[in-house]
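Colleague: just coords:
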């Protein structure tokens, strides 16, 4: 190298850039139990598997050997069945590329935008090892720790998933008339950590219901379960699904937040009435307050657009041309337009959306900006999806889920 | 885990399956200089970056810091340019998913299917370390080594590449009307290894032309250079391009074999005639023999379809329900049809092609098969959106771009 060594990693024996890495939390045995994606440092569409974010409500189970694993399909079906991985792989498969996003990603921006709280940093990543130890001790977070706890712009990733449409399995089992719900159950168990909900609400003074030790489960409405892009997936980014991501089989529910993507699947039960899954009735629900009598479950995500460059932290910027860059995606389909404002929202111009524009994966976009005015500048970006939905779609809610507001980049030009 | 531990890797602290890795060869300093993809053990479309195949004609160069790197665009242009990576990133970008395939992948099947003899194994795993050491020493393989060599179903990968279309750069530089080709030059240099060509032609009795030490270069015809999916790419599979894969920037030429995907780009020279690049006049050419006056550079790949399961080595199979599975792709566009024969080619039926069907990336396909006891010859053939059916590429003396139909031969008990 000419001027200086690359200050990075040795990759395959060669000096190279620093490869972006998962920010991980390990348990006492050194096992990763949580992780955040350095999305601002990635370049491209797919997030490498080793950097894919990891959020788990209960305890990560011991792995089941793929040869020993099977899954039952029961309930309101004509032909209940038990399927092993080989049985599933005989069905007509499919790959889907989609954004996986934690329902709580960027939650801290709700309070900034709607309650005048200080502006969180897009680069804020919580100390996950401390978090892991708090989880082991069931420690209650302090008020300081409750402020922006999910971390910003790091509990989301883009992946390629290979498996079989859930519909193909349901078709073979024969859904009986009147059935409405597809209840997905994982073999991960545990007692929900109340600290997770305290962090979500940003307060620890609300009583959180304790269901005891449960298996993780979610009940998918039949229509979404029958969508051909809703998959039972055994592969991720070109290799077999890793245990930490839900192997042998996890559900892929494109457009719906990560809590729907049930990992470590062991049972599918078709039902007439919605089962009272804890993570669908007590947590991952909308509502204005904890006492709100109507708390609908979260489903499709809103419309999302983030500026990945420049961030507030990139200030001061040199005068001259800059490419404002970012990602946009939606829970309801393709992104149609991205608009950028460099004057705090008075004027908007179309950004260039890079091909390919896929239904469930984000798009990269850019806008060429000549920064010729020194001083403070506020840059905004907003996306519209093919349904005509413009951000923001999701109102403030007490669990601060599905934030899709427009977050400005505030920068200084020299 | 219930019955037995997974005999694999510890991944993120958990016992897991064995993760498939690159089959790599290293130089004396422990630097990877070649690699093969364990394609049959991967599952999905994209090949993970750390398992992406690596073939280099010349020496892997010392890395250039991305901040120090410049791309020179000159020749038959109105406005010659010199661009930094940041300059490139200001242009309207694009991402393309495509199969990268070495022109010599599966070369051994040409001989097997014309002359018989030993059938190359799809699971053939070359000793890449031995190959690397021979290369470093400059040793010439003997006749036995040359005939035993077969790069089978491992010099091919599927990737996601992010960058800027080459035409966006050329548009800004302003092509002169006389332009016919873009000579893409890497900053990798070296003397072409004669052993590479001996292996390709399958004999050491071959007149190797020694150009001395050169930079790697290829002259891309203008029509392909202007295709919007032909990229200058700085990212692969969601991260910045690794040095070993051609960082800071490489060409991505979807549908054309890997030798066109010039790595470590340093110069794009617009030329008024086709340049006589060594790796398109002496090597990577199609012809009946070394003396063939009709020899021409290889360009577009044919139509490819391979059976990933079962492979010959899976014999004996139990009688009963099986699925014949594989991958199919083409140098000219999306795959529209895959047909499978379980009786040696007498009857064919359509396989299920899995979505998504991308233009340049392979598709996964499958076909159920009820296996009865006996010997079976399974075949699969693909058709692309231009109606091209395999095989498209005739036998050629450098054994490039083999796209013939290779049967799987299995015994069912």
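Modeller: Now that the structure is in, tell me what you want to look at. A quick note: this is a predicted structure, and the numbers were derived from the prediction, not measured.
Colleague: would you agree residue B:135 falls within a helix?
Modeller: Yes: Residue B:135: assigned to a helix according to DSSP: H, G, I helix; E, B strand; the rest coil.
Colleague: that one against residue B:193, yeah?
Modeller: Yes: using CB atoms under 8 Å, residue B:135 makes contact with residue B:193 at a distance of 5.7 Å. Every residue, glycine included, has its C-beta placed from N, CA and C.
Colleague: from residue A:112, how far off is residue A:341?
Modeller: Distance, residue A:341 to residue A:112, by CB to CB, to the nearest Å: 18 Å.
Colleague: next one: residue B:93
Modeller: Residue B:93 is 30 Å from residue A:112, by CB to CB.
Colleague: same check on residue B:238?
Modeller: Note on residue B:238: its distance to residue A:112, by CB to CB, is 29 Å.
Colleague: can you check residue A:102 too?
Modeller: 18 Å.
Colleague: and for residue A:56?
Modeller: For residue A:56, the distance to residue A:112 equals 27 Å [CB to CB].
Colleague: quick one: low-confidence residue ranges for the stretch 1-150 of chain B.
Modeller: Applying pLDDT under 70 to the stretch 1-150 of chain B flags the ranges B:1-7, B:124-125, B:147-149.
Colleague: one more time with 80
Modeller: B:1-8, B:124-126, B:143-150 (pLDDT under 80).
Colleague: now do the strands in it.
Modeller: Under the criterion DSSP state E, counting those that start in this stretch, the stretch 1-150 of chain B contains strands at B:10-11, B:14-15, B:23-26, B:32-36, B:71-75, B:81-83, B:94-101.
Colleague: any idea which of those gets closest to chain A?
Modeller: In terms of CB to the nearest CB, the element of the strands of the stretch 1-150 of chain B nearest to chain A is strand B:32-36, at 3.8 Å.
Colleague: is that closest one positioned near chain A?
Modeller: Yes: judged by CB under 8 Å from any CB of the partner chain, strand B:32-36 and chain A are in contact via residue B:32.
Colleague: can you give me how far that strand is from the chain middle?
Modeller: From the chain centre to the centre of strand B:32-36 is a distance of 13 Å (CA atoms, centre = their mean, to the nearest Å).
Colleague: what helices or strands is it leaning on?
Modeller: Under the contact definition 3 or more CB pairs under 8 Å, 6 or more residues apart in numbering or on different chains; DSSP states H and E, strand B:32-36 sits against strand B:23-26, helix B:128-137.
Colleague: which element is residue A:113 on?
Modeller: Element membership for residue A:113, per DSSP states H and E: helix A:108-115.
Colleague: buried residues in that helix?
Modeller: A:108, A:109, A:110, A:111, A:112, A:113 (16 or more other CB atoms under 10 Å in any protein chain shown).
Colleague: any regions of the stretch 151-300 of chain B where pLDDT drops low?
Modeller: In the stretch 151-300 of chain B, no residues with pLDDT under 80.
Colleague: and the strands in it?
Modeller: Counting by DSSP E, counting those that start in this stretch, the strands of the stretch 151-300 of chain B are B:156-165, B:181-190, B:214-221, B:231-236, B:239-240, B:250-252, B:265-271, B:285-286, B:296-297.
Colleague: closest to residue B:64 out of those strands?
Modeller: strand B:181-190 (6.8 Å; CB to CB).
Colleague: packing partners of that closest one?
Modeller: strand B:214-221, helix B:222-225, strand B:265-271.
Colleague: that one - which strands sit beside it in the sheet, and in what orientation?
Modeller: If you go by DSSP bridges, strand B:181-190 pairs up with strand B:214-221 (antiparallel), strand B:265-271 (antiparallel).
Colleague: tell me what angle that strand forms with strand B:71-75.
Modeller: Strand B:181-190 runs at 130 degrees relative to strand B:71-75, counting by axes from the mean of the first three to the mean of the last three CA atoms, to 10 degrees.
Colleague: mind listing what's buried in stretch B:88-100?
Modeller: Neighbour-count burial for stretch B:88-100 [16+ other CB under 10 Å]: B:88, B:89, B:90, B:91, B:93, B:94, B:95, B:96, B:97, B:98, B:99, B:100.
Colleague: hmm, back to that, just the buried residues of helix A:108-115 now: which is nearest chain B?
Modeller: Looking across the buried residues of helix A:108-115 and measuring by CB to the nearest CB, the closest to chain B is residue A:109, at 24.3 Å.
Colleague: count of residues packed around residue B:213?
Modeller: 10 (other CB atoms under 10 Å in any protein chain shown).
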